[in-house]
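J.: Fold the stuff below for me.
(one chain, ligands or ions: 1)
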Amino acid sequence: MRSSAITLALGAAVLVLGSFCCGAVLAQDKDKVIAERQDFMKQQIRQWIIVRNYVQGNAEQPAAVAAADALVKLVPMIEKHFPPGTAGPTPDGKWATKPEVWSEHDKFVAAEKKVAEQVAALDAAVKSGDKAKVEVAFKDLDACNACHNTFRAKLQ
Ligand code: HEC
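T.: Here you go, the predicted structure:
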């Protein structure tokens, strides 16, 4: 009798702990995830700007190669920055991540894959040093915005 009550209590404790540890993301974790996600996206835009400067003749090829290499590494990590339960507004209240990131997850992953292909092409072009090729590949890199248009909402 007693031991089964203990077992029951233990079971409940494990359940509660379980939902804390691995279920929905806690509020404070959510803020952290969103802050890190913004940093991550900013890192991507910084690399993008270096390549753009190169296209415009304001940066050297080695800097552009490093930036394109960084993008090739960063883009496949996009998905990791969107754990379930982290939809909603950014701290500045200007943007929000839409719930479609999770309800249409296939589309989200496809958008990431598309950018991965585009930055790989850009990386190859930058490394070739062929400016005309770089210009084409840079213009083609439109999937960052394609994903933003679908999965990111402007609030203000
Ligand atoms: C698969 C979808 C997806 C792709 C691909 C993607 N992003 Fe984002 N990005 C988002 C979402 C969703 C947000 C809003 C998230 C947030 O701010 O919490 C965002 C936010 C941003 C922000 C704003 C960050 C801030 O401080 O508010 C920048 C800058 C950005 N992305 C740059 C890029 C660049 C550059 C690329 C391409 C190399 C890219 N993103 C590719 C989904 C994507």
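
J.: quick one: is the longest helix seen in the chain near the ligand?
T.: If you go by DSSP state H, the chain has its longest helix at helix 27-55. Yes: shown here: helix 27-55 in contact with the ligand (Cβ under 6 Å from any ligand atom) through 34, 37-38, 41-42, 44-45, 48. All C-beta spots, glycine's among them, are computed from the backbone N, C-alpha and C.

J.: May I see the buried residues of that helix?
T.: For helix 27-55, burial by neighbour count (16 or more other Cβ atoms under 10 Å) applies to 30, 33-34, 37, 41, 44, 47-48, 50-52, 54-55.

J.: centre of the chain versus that helix, how much separation?
T.: 8 Å (Cα atoms, centre = their mean, to the nearest Å).

J.: again with stretch 125-142
T.: The answer for stretch 125-142 is 23 Å, by Cα atoms, centre = their mean.

J.: For that stretch, list every residue counted as buried.
T.: Neighbour-count burial for stretch 125-142, counted by 16+ other Cβ under 10 Å, picks out 125-126, 133-134, 137-138, 141.

J.: near the ligand, which residues of this protein?
T.: Counting by Cβ under 6 Å from any ligand atom, the chain sits next to the ligand at 34, 37-38, 41-42, 44-45, 48, 71, 75, 78, 90, 95, 97, 108, 111-112, 115, 143-144, 147-148, 151-152.

J.: Just the pLDDT for Asp69.
T.: Asp69 carries a pLDDT score of 98 in this model.

J.: between the helix or strand it falls within and helix 27-55, what angle do the directions make?
T.: For Asp69, the host element (DSSP states H and E) is helix 61-74. Helix 61-74 runs at 150 degrees relative to helix 27-55, counting by axes from the mean of the first three to the mean of the last three Cα atoms, to 10 degrees.

J.: Fine by me, we can end here.
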